[in-house]
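Undergrad: Predicted structure and sequence below. I'll ask about it afterward.
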Amino acid sequence: MDCYVTLILLFFGFSLSSCSHFPPRTYYYVNSPMTWAEAQHYCREKYTDLATIESNDDISTLRSDFPVEWTWIGMSDDPKSWKDSMGNDSNSWRWSATGETSKTGYQNWETKEPSSEKADVNCVSMLPAGKWADQLCESVSFSFICYTETNQTEKTYVFIETKKTWYNARDYCREHHTDLAMIENDEENNEVISKKPSSDTAWIGLYRVRWTWSDKSQSSFKSWRKISPNNYGGTQYCMTQHVLDGWDDETCDIKYPFICHQVARLETTLRVKIKTDADITDPATNSQILQKLAAALESQGYTDFKLRWKTPPRKQEKHTEPQCILNV
């Protein structure tokens, strides 16, 4: 039968990857010096979050509206997510083969590693003795270890002597094998050690993406100063902005004024005509419909939205077609 259903789409920070963020953010300058964590807490209580900046237009807005001085914004690289554990946050270490964080939490770091030295060592190599260290991804070349997955539990490792950057090594492994080596326990680590010469340093498939936004925005926009980030002293994990001089990493416990942003809630109602023999009032059926709609929206680049059914008000007039009203 043909059924009419009413669907409400609730968008929170809804955006398209191909255009400027929507709905637009309103920025608020708070001239009350706080640490980065204190500023984040304040912005989340009073507004939406510490400021996310996604374009030069945003910077122009801040330049015209706010005092010219250093302020906290909402980007950070929390070392709790990557330094002492494998973590499960957006800036944690991930395996190239899956793009996901470690399932077992296994790690085999060399002493004082990972170091995040100079703030741009985001790929991992196995040192001659079998311990791991973070390295520059693009300006350093090593031999590397690929693996082929023969079934869900077994990996076969292959040593490639040719020296490449991490990204080029990854591409080679993906073309000829499964990916750069993924290592989830001591047994696998020892097998990788056995495949390479004892004097060689070799790439494995561990990497991470630094500097994530507090509101989980996926924006890749950056406006670093020429000398930044540099993680001076090994303690600079939070982001400051000077509207005339770009971004700089800074020690998170220093107190600065800060910028919050507010994202308006956008609610859109759609009336959808569905032709189906299924019972449209069945909770399992309408849940499946929402899942498929959500997947379709995500495939088009939409993010941060919620969907739910809405019960329209009853009307007295007669309908010419059956109405399938879904209760929330």
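TA: Happy to help now that I have it.

Undergrad: all contacts plus neighbour counts: C-alpha atoms, from now on.
TA: Fine.

Undergrad: Centroid-nearest residue for this protein?
TA: residue 90 (4.4 Å; CA atoms, centre = their mean).

Undergrad: correct me, but that one touches residue 213?
TA: No: with contact defined as CA atoms under 8 Å, residue 90 does not reach residue 213; the gap is 9.3 Å.

Undergrad: hey, where'd the strands end up in the stretch 51-200 of the chain?
TA: Applying DSSP state E, counting those that start in this stretch to the stretch 51-200 of the chain gives strands spanning 71-76, 94-95, 100-101, 123-126, 132-135, 142-149, 155-164, 179-180.

Undergrad: As TSV, these with mean neighbour count and mean pLDDT would be great.
TA: Listed next are the strands of the stretch 51-200 of the chain as TSV, based on neighbours: other CA atoms under 10 Å; pLDDT from 0 to 100:
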stretch	mean neighbour count	mean pLDDT
strand 71-76	26	95
strand 94-95	23	96
strand 100-101	18	94
strand 123-126	25	97
strand 132-135	23	96
strand 142-149	22	96
strand 155-164	17	96
strand 179-180	26	98
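
Undergrad: gap between the two ends of stretch 143-154?
TA: End-to-end distance for stretch 143-154, by CA to CA, to the nearest Å: 23 Å.

Undergrad: who's in contact with it?
TA: Residues outside stretch 143-154 that contact it (CA atoms under 8 Å, 6 or more residues apart in numbering) are 155-164, 169, 173, 177-182, 192, 196, 200-204.

Undergrad: Return the set of buried residues in stretch 200-218.
TA: Under the neighbour-count criterion of 16 or more other CA atoms under 10 Å, stretch 200-218 has 200-208, 210-215, 217 buried.

Undergrad: Same check on stretch 48-59?
TA: Residues of stretch 48-59 classed as buried: 48, 49, 50, 51, 52, 53, 54, 55, 58, 59 (neighbour count, 16+ other CA under 10 Å).

Undergrad: Bridged to the nearest residue to residue 109 once chain neighbours are set aside, which residues?
TA: Of all residues not flanking residue 109 in the chain, residue 132 sits nearest, at 4.5 Å (CA to CA, 6 or more residues apart in numbering). Beta bridges link residue 132 to residue 109, residue 126 when assigned by DSSP bridges.

Undergrad: Just to check, residue 132 is in contact with residue 108?
TA: Yes: between residue 132 and residue 108 there is a contact at 5.8 Å, judged by CA under 8 Å.

Undergrad: Now the buried residues of stretch 48-59 in a markdown table, please, with extra columns for pLDDT and distance to residue 186.
TA: Output for these, formatted as a markdown table (pLDDT from 0 to 100; distance: CA to CA, whole Å):
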| residue | pLDDT | distance to residue 186 |
| --- | --- | --- |
| 48 | 93 | 44 |
| 49 | 95 | 41 |
| 50 | 96 | 41 |
| 51 | 94 | 42 |
| 52 | 93 | 40 |
| 53 | 91 | 42 |
| 54 | 88 | 42 |
| 55 | 88 | 45 |
| 58 | 86 | 48 |
| 59 | 85 | 48 |
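
Undergrad: For residue 262, state which of the residues you listed is nearest.
TA: Minimum distance to residue 262 across the buried residues of stretch 48-59 is 4.8 Å, recorded for residue 48 (CA to CA).

Undergrad: so who does that closest one touch?
TA: If you count contacts by CA under 8 Å, 6+ apart, residue 48 has them with 260, 261, 262, 263.

Undergrad: if you look at these, which of them are in helices?
TA: Using DSSP state H, no member of the contacts of residue 48 sits in helices.

Undergrad: coming back round to it: which of the buried residues of stretch 200-218 fall in strands?
TA: Judged by DSSP state E, the buried residues of stretch 200-218 include 202, 203, 204, 205, 206, 207, 212, 213 as members of strands.

Undergrad: partner residues bridging the second one?
TA: What that stands for is residue 203. With DSSP bridges applied, residue 203 shows beta-bridge pairing to residue 125, residue 144.

Undergrad: Distance check, it against residue 173.
TA: Per CA to CA, residue 203 is found 11 Å from residue 173.

Undergrad: Check the contact lists of the two and give me the overlap.
TA: Common neighbours of residue 203 and residue 173 (criterion: CA under 8 Å, 6+ apart): residue 180.

Undergrad: what number of residues lie near the residue nearest to residue 140 when sequence neighbours are not counted?
TA: Take residue 140 and drop its neighbours on the chain: the residue closest to it by CA to CA, 6+ apart is residue 165, 5.7 Å away. Applying other CA atoms under 10 Å, we find 18 residues neighbouring residue 165.
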